[in-house]
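*Asks:* Sequence plus predicted model, see below.
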Amino acid sequence: MVSFWSGYALPTIIIILEVLAIIIPLLVAVAYLTYAERKVMAAMQLRQGPNIVGPFGLLQPMADGLKLLTKETIIPAGSNRALFLAAPMVTFLLSLVAWAVIPFGAGLVLSNINVGVLYLFAVSSLGVYGIIIAGWASNSKYAFLGGLRSAAQMVSYEVSIGLVIVSVLLCAGSLNLSRIVEAQHTIWFAVPLFPMFIVFFISGLAETNRAPFDLPEGESELVGGYNVEYSAMTFALFFLGEYANMILMSALTTILFLGGWLPPLGIPPLTWIPGPIWFFAKIAACLFVFIWVRATMPRYRYDQLMRLGWKIFLPFSLIWVLVTAGVLETFGWLPK
């Protein structure tokens, strides 16, 4: 019995507990990100925001979740039932599995693999399938057009995101996310790679279908985009997936450009604060900018969106990768 627990069951239980320790706080963070978004946008637009359910409206996310949980899931008559229900599950699950390689602090990572960046590339590229399936399986022209829009948008901006990450990898010399953070011990990559930092953040807005790039959900021309036929918990899974992806992109921005769990400038009073607190504070700052942009920026036209991705970001990021590699090789800074 002792050998069984030590050999098989105990490690499995530990892994399950580690997974739950990531997923449960993430779901709570997603719920209260919706609350924070509504309160921040209300303050920017001189409104109150949620303030009825619970003190200061803090129970509003729970009320919203309960409402969606108790509503009826309506499946269109002409839809592909299996794919219609599978699409939101795929989108939601993919937004969770990427967190397996995200380091929250020194040694605080579920799976510290040497190709963490490639793992994130693979997971993010699969995210298109959930949206394409949702648009097609709904048997609605509006949903189908919204799915095509979103797929084209995500694929377009994944190219520039990939080139931005290549420039970071050249400076760090590793695909391991923890080592990328450790390479920023003296200076965050946001300083020498500031243009790439801006390109990455804007591409992250487009990748997560957030304003001003929320074209797949254009109410004026597509009613509601690829999720127009969804209701109740199937819609909630898309909603949760979108906000979980926002947090994931903010975490990636923090890891690649803002030093991860490292304190700014190495000032001694700041180094006393634990690394995970710095990590979460930087994520919160990135999420605030996500919300700020939504509250202030008008929506792009679709041709403007594609022009920005293919004619500006793609050539600029490609040239920057070549310049970065050239500078690192010329001055002997290229990691061996």
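*Replies:* That came through fine. Quick caveat, the model's predicted, so the values are computed rather than measured. Numbers count the residues shown, from 1 in each chain.

*Asks:* Spit out the contact partners of residue 109.
*Replies:* 101-103, 177-178 (CB atoms under 8 Å, 6 or more residues apart in numbering). Using the backbone N, CA and C atoms, a C-beta is placed for each residue, glycine as well.

*Asks:* what do you get if the cut-off is 7 Å, keeping everything else the same?
*Replies:* 101-103, 178 (CB atoms under 7 Å, 6 or more residues apart in numbering).

*Asks:* most neighbours, which of these?
*Replies:* residue 103 (26 neighbours; other CB atoms under 10 Å).

*Asks:* what residue ranges in the stretch 101-250 of the chain score low on pLDDT?
*Replies:* 218-223 (pLDDT under 70).

*Asks:* Mind doing that once more with 50?
*Replies:* Along the stretch 101-250 of the chain, no part satisfies pLDDT under 50.

*Asks:* Any chance of a markdown table for the contacts of residue 109, columns secondary structure and distance to residue 10?
*Replies:* Below are these laid out as a markdown table (DSSP: H, G, I helix; E, B strand; the rest coil; distance: CB to CB, whole Å):
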| residue | secondary structure | distance to residue 10 |
| --- | --- | --- |
| 101 | helix | 23 |
| 102 | coil | 25 |
| 103 | coil | 24 |
| 178 | helix | 25 |
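
*Asks:* What are the buried residues along the longest helix seen in the chain?
*Replies:* In the chain, with assignment by DSSP state H, the single longest helix is helix 10-44. Under the neighbour-count criterion of 16 or more other CB atoms under 10 Å, helix 10-44 has 22, 26, 29-42 buried.

*Asks:* And stretch 310-319, by the same measure?
*Replies:* Applying 16+ other CB under 10 Å to stretch 310-319 flags 313-314, 316-317 as buried.

*Asks:* thinking again about what came up before, which strands or helices does the longest helix of the chain pack on?
*Replies:* Where contact means 3 or more CB pairs under 7 Å, 6 or more residues apart in numbering; DSSP states H and E, helix 10-44 is packed against helix 60-70, helix 232-257, helix 275-296.

*Asks:* Distance from the chain centre to it, please.
*Replies:* Distance of helix 10-44 from the chain centroid (CA atoms, centre = their mean, to the nearest Å) equals 13 Å.

*Asks:* quick one: it to helix 275-296, angle?
*Replies:* Inter-element angle recorded for helix 10-44 and helix 275-296: 40 degrees (by axes from the mean of the first three to the mean of the last three CA atoms, to 10 degrees).

*Asks:* Hmm, residue 317 and residue 195 touching each other?
*Replies:* No - with contacts counted by CB atoms under 7 Å, residue 195 stays clear of residue 317, the gap being 8.7 Å.

*Asks:* okay, and the common contacts of the two?
*Replies:* Counting by CB under 7 Å, 6+ apart, nothing touches both residue 195 and residue 317.

*Asks:* In helices, which of the buried residues of stretch 310-319 fall?
*Replies:* Per DSSP H, those map to helices at 314, 316-317.

*Asks:* Does residue 190 touch residue 258 like I think?
*Replies:* Yes - using CB under 7 Å, residue 190 is in contact with residue 258, at 5.7 Å.

*Asks:* Neighbour count for the two, which is higher?
*Replies:* More crowded of residue 190 and residue 258, by other CB under 10 Å: residue 258, with 23 against 19.

*Asks:* Next, that one: phi, psi?
*Replies:* Main-chain torsions, residue 258, degrees, to the nearest 10: phi -110, psi 20.

*Asks:* What sits closest to it if chain neighbours are left out?
*Replies:* Distances taken as CB to CB, 6 or more residues apart in numbering place residue 282 nearest to residue 258, at 4.9 Å, with adjacent residues excluded.

*Asks:* ok, the one you found - how many residues close by?
*Replies:* Counted with other CB under 10 Å, residue 282 comes out at 23.

*Asks:* same check, this time on residue 296
*Replies:* When neighbours are counted by other CB under 10 Å, residue 296 comes out with 12.

*Asks:* same check, this time on residue 322
*Replies:* Around residue 322 there are 11 residues (other CB under 10 Å).

*Asks:* just checking, it is part of a helix?
*Replies:* Yes - Residue 322: assigned to a helix according to DSSP: H, G, I helix; E, B strand; the rest coil.

*Asks:* ok, now how distant is it from residue 16?
*Replies:* For residue 322, the distance to residue 16 equals 46 Å [CB to CB, to the nearest Å].

*Asks:* One more: residue 261?
*Replies:* 25 Å.

*Asks:* so what are the domain limits for the protein?
*Replies:* The chain breaks down by automatic domain parsing into domains covering 1-70, 77-330.

*Asks:* so which of those is the most packed in?
*Replies:* The highest mean neighbour count among these, using mean count of other CB atoms under 10 Å, belongs to domain 77-330: a mean of 19.
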